[in-house]
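Engineer: here you go, sequence then predicted model.
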Amino acid sequence: MTKTNKSTPAAERILTEEEILKMDDKDYMNPAQMAFFKAKLQALEKELLKNAGETTEHLRETVLVPDPADRATIEEEHALELRTRDRERKLLKKVQQSIVAIDEGDYGWCEETGEPIGIPRLIARPTATLSLEAQQRRELKQKLYGD
């Protein structure tokens with residue numbers, strides 16, 4: 001019979017948001033939290049890739065519609081779908097970068113300040129690379145001085 005560590009069950013299973021939020025600040029970006037965010041990001045990546053595949057299939061389905069108004073409606077729907085997929089493509093890139101950051105041990109830390117981004121912010125936006133304060137400073141700077 002092998003001796004088991006008390007932390008082994010938590011390390012083997014993915015924790016819930018509630019369990020992650022209840023953790024102490026000293027546990028920030030421990031292996032269990034990293035596993036939680038990696039699983040969350042991988043699920044998001046899978047969903048985005050699935051949506052992209054569905055869009056490709058949907059756009060291949062060519063329907064010849066003689067009525068110009070109907071044709072215009074279909075073209076507008078396609079344009080909207082393409083804009084949505086373009087946003088998702090950009091998000092997919094951020095998701096993949098976040099997964100790499102987890103693998104490298106850099107995930108969860110602000111790119112500008114090096115401070116923790118914070119669990120609540122990462123749950124809400126798992127691709128965040130800036131702390132809330134750094135993001136607010138960046139947005140204010142962009143508002144004042146433009147891009």
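Structural biologist: Happy to help now that I have it.

Engineer: following element in sequence after the lowest-mean-pLDDT helix or strand in the chain, please.
Structural biologist: When the helices and strands of the chain are scored by mean pLDDT, DSSP states H and E, helix 8-12 comes last with a mean of 49. The element immediately downstream of helix 8-12 (helix or strand, assigned by DSSP states H and E) is helix 17-22.

Engineer: buried sites along that next one?
Structural biologist: I20 (16 or more other C-beta atoms under 10 Å). Where you see a C-beta, it was placed from the backbone N, CA and C, and this is true even at glycine.

Engineer: check stretch 55-63 too.
Structural biologist: Buried residues in stretch 55-63 (16+ other C-beta under 10 Å): T55.

Engineer: ok, now stretch 38-58?
Structural biologist: Buried residues in stretch 38-58, counted by 16+ other C-beta under 10 Å: 38, 40-41, 44-45, 48, 51, 55.

Engineer: same thing with stretch 114-129?
Structural biologist: Buried positions in stretch 114-129, judged by neighbour count with 16+ other C-beta under 10 Å: 117-119, 121-122, 126-129.

Engineer: how long is it end to end?
Structural biologist: One end of stretch 114-129 sits 10 Å from the other (C-alpha to C-alpha, to the nearest Å).

Engineer: contacting residues around that stretch?
Structural biologist: For stretch 114-129, contacts defined as C-beta atoms under 8 Å, 6 or more residues apart in numbering pick out 17, 20-21, 23, 25, 28-29, 33, 37, 40-41, 44, 91, 94-95, 97-98, 101, 108-111, 130-132, 135.

Engineer: hmm, 6 Å instead?
Structural biologist: 17, 20, 28, 37, 40-41, 94-95, 98, 108, 110-111, 131-132 (C-beta atoms under 6 Å, 6 or more residues apart in numbering).

Engineer: fine by me, we can end here.
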